[in-house]
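Asks: sharing a model that was predicted from the sequence below.
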Amino acid sequence: MSEATRGVIVSHAAVAQALVSAVAAITGVSDALVAVSNDGCDSGALAERLGRAIGDKPAVLFVDLPGGSCLTSAVRLAKGKTDVAVITGVNLAMLLDFVFHRDLSPAEAARRAAEAGTRAIRTPAA
Amino acid sequence: MSIALFRIDDRLIHGQVVVGWGQPLHVGFIVLVDDAVRASPWEQDLYRMGVPSDLEVVFASTEEALKRLPEWENDPRVGILLAGDIGTLVALSANSLQVKRINLGGIHHRPGRSQRLRYVYLSDAEAEDLRRLAAQGVEITAQDVPTARAVPLQEFA
């Protein structure tokens, strides 16, 4: 059996850690996600943090914004790697989908998560 | 208008620049002065990601920036000039009287640097370069976002 894909949340400030806690509280799954903050980092230091978080495992990098230091570091790290995928606009709904589909390849898990995250964005009538 | 902000930030184009400063200043263009990024279309695409389509990003080498500074200063839009290291702004300042103020927005830890502020780490040589620029009349402050206090250089270097 292939190794389960790891989720690494890359964010400003403490957003990533808060999302990890929320996923654990809702699902009871506490070993699927790792939080990485860009606090106090230049691009080199953030790349080091990301590299440590991924290790040599297949991974999906969930980035908070579709631009900026978190994204540039994530894309640089994923460049040329077939076992690392990047997705932006992380939200709780996409993470909840991801933790139950870690048997998929990073690319397929990222595609599913993007769909779940997009479906969660609504403007309900008040 | 002109270049409203000459900023040193080793994260280059990121949220504090595009949103934090870009929104209140109504910025129309960002000039990123970095020789390595200027030479890499892939890096340029990366830095363009997430920048609103109505905000132009210009990539320039230090040499190109020296030539084009007067053009940018006369642009009717508001601009931010951004460099990732102190040496680039020192080079621009040494060859242009147009750099009158420098904003230190993020210079992070590396071997040989010591912490001066939460987001500013400097080596002794870098601190000396900045003091020399200040002695020449360039106003240097540290301020990561517009709502923070602009900390004068003499308070941390």
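Replies: Good, I have the coordinates. Please read all numbers here as calculations on a predicted model, not as lab measurements.
Asks: okay, now the unreliable bits of chain A?
Replies: Within chain A, the set of residues satisfying pLDDT under 70 comprises A:1.
Asks: not counting sequence-adjacent ones, nearest residue to the residue of it at minimum distance from chain B?
Replies: Proximity of chain A to chain B (C-beta to the nearest C-beta) peaks at A:Gly67, 1.2 Å away. For glycine as for every other residue, the C-beta is placed from the backbone atoms N, C-alpha and C. In this structure, A:Gly67 finds its nearest non-sequential neighbour in B:Gly50, 1.2 Å apart by C-beta to C-beta, 6 or more residues apart in numbering or on different chains.
Asks: also B:Phe156?
Replies: B:Arg116 (3.9 Å).
Asks: surely that neighbour is in a strand?
Replies: Yes. With DSSP: H, G, I helix; E, B strand; the rest coil as the criterion, B:Arg116 is part of a strand.
Asks: residue contacts, it?
Replies: B:122, B:127, B:142, B:156-157 (C-beta atoms under 8 Å, 6 or more residues apart in numbering or on different chains).
Asks: what pLDDT does the model give it?
Replies: The model reports B:Arg116 with a pLDDT of 98.
Asks: over to the one 4 residues further on?
Replies: Predicted confidence (pLDDT) for B:Val120: 97.
Asks: please work out which residues outside the helix or strand harbouring A:Leu95 touch it.
Replies: According to DSSP states H and E, A:Leu95 maps onto helix A:92-98. By C-beta under 8 Å, 6+ apart, the list of residues contacting helix A:92-98 from outside reads A:7, A:9, A:19, A:22-23, A:26-27, A:32-33, A:60, A:62, A:87, A:109, A:112-117, A:119-120.
Asks: any idea which helix or strand comes after it?
Replies: Remark: after helix A:92-98, the chain's next helix or strand is helix A:106-119, criterion DSSP H and E.
Asks: pull out the buried positions in that next one.
Replies: A:106, A:109-110, A:112-114, A:116-117 (16 or more other C-beta atoms under 10 Å in any protein chain shown).
Asks: most widely separated two among the contacts of B:Arg116?
Replies: The largest separation in the contacts of B:Arg116, counting by C-beta to C-beta, is between B:Ala127 and B:Ala142 at 11.9 Å.
Asks: in strands, which of the contacts of B:Arg116 appear?
Replies: For these, the ones inside strands are B:122, B:142, with DSSP state E as the criterion.
Asks: of B:Ala127 and B:Ala142, who's got more company?
Replies: B:Ala142 (26 against 18; other C-beta atoms under 10 Å in any protein chain shown).
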